[in-house]
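1. Next comes the sequence, and after it the predicted model I'd like to discuss.
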Amino acid sequence: MIREITVEELENLENPIFVDVRSEGEYREATIPGALNLPLLNNEERAQVGTTYTQTSPKLAREEGLKFISPKLPNLVQQVEHWSEQGPLVLFCWRGGMRSKALATVLDLMGVSVYRLKGGYKAYRKTVFDFFEQNSSLKFFVLRGNTGVGKTEILTQLKRDGYPVIDLEKLANNRGSVFGDLGLGAPPSQKTFEALLYDELGKIRANGHSYLVVECESKRLGRVTLPVKFYDAMQQGTQILVYDSIPNRVNRLIKEYTEIPEAIPQIQAALLRLDKTLGQKKIEEYNSLLDGNHLANFTGNLLDYYDALYGYPNEASFDYDFSVSQCYPEHAIRELEGYLVERRDDQDGPTS
């Protein structure tokens, strides 16, 4: 049986299996987080059908599409039947049109029950866009601090302990500096980033939380941009300063970046982006330290630059709502979690 379902109704489904029947190129550009790709038409076939549609006639285009799809149907049905064992299926294409309708009809004939997303990915995208046009109802706790103080470590531990956390750098595949994308893979598109953020916020709301913890970021994070009202809510939230000693920060950064395959050549390539800021002579000094494997000296020197750039205190400060030292991480987590419990507006707290 084919059932139409709206984007708003998706939250009523338990463990839905999203099946994106658009081409692999459309899927890579942006999709619903977690969706599986099952193209009815691949990139080349879709382009050919589109050309026929615009230059000849819609009727011939549909016939051409049928010729491409027909031989694939047995394998398509078999794959969908396998996925249907994992949860309710939700098929979607670009606008909830011919592609999802065609496959849903065949599946219905084969006795496979499916949902078909009304309006397709376009409707989902509009929901995400409209969501970020609204002011956030969540209270923000924002971690601030200089490079290497371990803000991401704190977020990771808080999440393990059940607190509502969003790691924006993880979603963006970027740490927020010229070295930000080292070892993190390809960045998402803007649409994909917003969909991932929307999905994370949905999980927080579904768990009944009224607040979240994030790391402070600039408006632009690598190749993506934070939604304006989300960014504004960060600026207006509770500001928490994280600080640590220079030796601890140096050790933390060396550990983080030397785990990256071919770390030194990648760091040297990234340094070129600072050429206009630091000057050629300074870049050469940095490269010499890297070539000699003087990682502690290199990292300490670079921290001087970033500390001056970001301007956060390296000690407790009354300019922030709360300050926490990372010299002893276990103590820092206990102290911070105590503060969050004390300051949140409701009693939702961590989940076990």
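-> Right, received. Where do you want to start?

2. for the one helix or strand residue 255 maps to, which positions count as buried?
-> In the assignment (DSSP states H and E), residue 255 maps to helix 246-258. For helix 246-258, a neighbour-count test (16 or more other CB atoms under 10 Å) marks 248, 249, 250, 251, 252, 253, 254, 256, 257 as buried. No exception for glycine: its C-beta is placed from N, CA and C like everyone else's.

3. Pick the one among the residues you listed closest to residue 14.
-> Proximity of the buried residues of helix 246-258 to residue 14 (CB to CB) peaks at residue 256, which lies at 37.8 Å.

4. show me what contacts the closest residue to residue 168 other than its chain neighbours?
-> For residue 168, ignoring the flanking residues on the chain, the nearest one in space by CB to CB, 6 or more residues apart in numbering is residue 217 at 5.3 Å. Listed by CB atoms under 8 Å, 6 or more residues apart in numbering, the contact partners of residue 217 are 168, 169, 176, 226, 234.

5. Can you give me the pLDDT of the closest residue to residue 236 other than its chain neighbours?
-> Among residues not flanking residue 236 along the chain, residue 140 sits closest, at 7.3 Å (CB to CB, 6+ apart). On the pLDDT scale, residue 140 is placed at 97.

6. cool, residue 11 as well?
-> At residue 11, the model reports a pLDDT of 89.

7. I'd assumed residue 199 was in contact with it.
-> No - using CB atoms under 8 Å, residue 11 is not in contact with residue 199, being 11.2 Å away.

8. higher neighbour count, these two?
-> residue 199 (14 against 11; other CB atoms under 10 Å).

9. quick revisit: by contact count, what packs against the helix holding residue 255?
-> helix 295-310 (3 or more CB pairs under 8 Å, 6 or more residues apart in numbering; DSSP states H and E).

10. partners of whichever strand or helix holds the residue nearest to residue 236 in the sheet?
-> Per DSSP H and E: residue 140 is located in strand 139-144. Applying DSSP bridges, strand 139-144 is found paired with strand 211-215 (parallel), strand 238-243 (parallel).

11. Can I get these in CSV including mean pLDDT and mean neighbour count?
-> As requested, those are exported to CSV (pLDDT from 0 to 100; neighbours: other CB atoms under 10 Å):
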stretch, mean pLDDT, mean neighbour count
strand 211-215, 97, 22
strand 238-243, 98, 22
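
12. Okay, domains of this structure per the record?
-> In terms of domains, the chain is parsed into 2-130, 135-343 (source: automatic domain parsing).

13. And the first one, end to end?
-> End-to-end distance for domain 2-130: 28 Å, by CA to CA, to the nearest Å.

14. This structure: strands as residue ranges?
-> Secondary structure of the chain (DSSP state E): strands at 2-5, 17-20, 36-37, 89-92, 114-117, 139-144, 211-215, 220-221, 224-225, 238-243, 322-325.

15. Listing partners with orientation, what would you give for the first one?
-> In other words, strand 2-5. strand 114-117 (parallel).

16. hang on, the earlier thing: among the contacts of residue 217, name the ones in helices.
-> The members of the contacts of residue 217 that map onto helices under DSSP state H are 168, 169, 234.

17. Just to check, the first one is in contact with residue 226?
-> Just to be clear, that refers to residue 168. Yes - in this structure, residue 168 is within contact of residue 226 by CB under 8 Å, at 7.3 Å.

18. Perfect, I'm done here.
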